[in-house]
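> next one to model:
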Amino acid sequence: MHINDCIQCTAFPCTDVRHKCYRIPNIEINPEAVSLILISEAAPDNPDDYYYAEGNPSFQQTTVLAFNDAGVKVSSIRDLLAMGVYFTNAVKCGKTGYGIKAVTVTTCSTLLEQELALFPNVKAFLLMGDIAIKAVNAIAKRAGEERVIPAGSTYKLRGQPYFFRGKRAFPSYLQVGPSFGIEKTKRAMIAEDIAAAFRLL
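Just a heads-up that it's a prediction; the model follows:
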């Protein structure tokens with residue numbers, strides 16, 4: 001299955017994102033083999049930085065570091081895909097500034113919802129950052145369900161059991177971008193969250 005054959009945005013209604021940066025994973029994958037889904041924030045401004053880009057994209061570099069920190073010894077996103085880990089973004093276009101409007105996260109969460117529904121055997125979700133958390137909460141709200149992750153600081157929420165569609169959901173911090181290598185405390189917490197998710201696989 002090619003993911004970008006199954007879901008796509010055609011209207012591009014959001015006004016506070018860069019539509020030219022629109023990315024849906026363009027990879028061939030067996031959805032039944034995926035057991036862990038990592039959802040990060042938004043697509044990168046440069047397509048060469050994306051998870052599935054050729055070479056050694058920046059999203060791959062910091063993500064591989066994060067998994068190595070967690071004791072999962074890999075050298076590429078392809079290694080992680082082979083282990084049943086799938087990577088995507090909550091918002092499929094690039095940011096225009098630091099934040100993303102709530103209406104944009106909610107709108108784009110319809111695509112994320114379609115995307116997540118493609119994977120029947122997922123055991124856990126890693127929600128990397130506030131945007132990923134808000135997107136999953138928006139999916140739950142649309143279905144008349146309670147919030148997956150309650151309001152509050154990620155620091156205080158981590159380590160407690162949360163569930164999305166019956167599967168564990170781990171609120172964590174963003175593992176891509178320049179802050180990953182700078183904020184050592186958050187990097188350690190990201191590693192703890194990845195390790196906890198892996199124990200469920």
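> the lengthiest strand in the chain - contacts with which helices or strands?
Determined from DSSP state E, the single longest strand within the chain is strand 85-95. In terms of contacts (3 or more Cβ pairs under 8 Å, 6 or more residues apart in numbering; DSSP states H and E), strand 85-95 is packed against strand 17-18, strand 36-43, helix 58-69, helix 102-116, helix 130-142. Any C-beta I mention is one placed from the backbone N, CA and C, and that applies to glycine too.
> strand partners (parallel or antiparallel) of it?
strand 17-18 (antiparallel), strand 36-43 (parallel) (DSSP bridges).
> for the residue most central in space within the chain, name its beta-bridge partners.
Taking Cα atoms, centre = their mean, the centroid of the chain lies closest to residue 39, which sits 0.9 Å from it. Listed by DSSP bridges, the beta-bridge partners for residue 39 are residue 88, residue 127.
> on that earlier part again, can I get the strands paired with strand 85-95 in a markdown table with distance to residue 125?
Compiled in a markdown table, these are given as follows (distance: least, Cβ to Cβ, whole Å):
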| stretch | distance to residue 125 |
| --- | --- |
| strand 17-18 | 22 |
| strand 36-43 | 5 |
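> I'd like to know how many residues surround the residue nearest to residue 65 when sequence neighbours are not counted.
What sits nearest to residue 65 in space, not counting adjacent residues and going by Cβ to Cβ, 6 or more residues apart in numbering, is residue 180, at 7.4 Å. By other Cβ atoms under 10 Å, the residues close to residue 180 number 20.
> so what's residue 180 up against?
With contacts defined as Cβ atoms under 8 Å, 6 or more residues apart in numbering, the neighbours of residue 180 are 62, 65-66, 174, 186-187, 190.
> make it 10 Å
Residue 180 sits next to 58, 61-63, 65-66, 173-174, 186-187, 190 when contact means Cβ atoms under 10 Å, 6 or more residues apart in numbering.
> just residue 40 next, same as before
Residues in contact with residue 40 (Cβ under 10 Å, 6+ apart) are 51, 59, 63, 87-91, 126-129, 131-132, 172, 174-177.
> from residue 143, how far off is it?
As judged by Cβ to Cβ, to the nearest Å, residue 40 and residue 143 stand 23 Å apart.
> report the buried residues of the helix or strand containing residue 193.
Applying DSSP states H and E as the criterion places residue 193 in helix 184-198. Neighbour counts over helix 184-198 (16 or more other Cβ atoms under 10 Å) mark 186-187, 189-194, 196-198 as buried.
> quick one: those residues as CSV, columns for distance to residue 8 too.
Converted to CSV, the buried residues of helix 184-198 look like this (distance: Cβ to Cβ, whole Å):
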residue, distance to residue 8
186, 33
187, 34
189, 34
190, 30
191, 34
192, 35
193, 30
194, 29
196, 33
197, 28
198, 31
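> returning to that earlier point: deepest of the strands paired with strand 85-95, which one?
Sort the strands paired with strand 85-95 by mean neighbour count, taking mean count of other Cβ atoms under 10 Å, and strand 36-43 sits at the top with a mean of 24.
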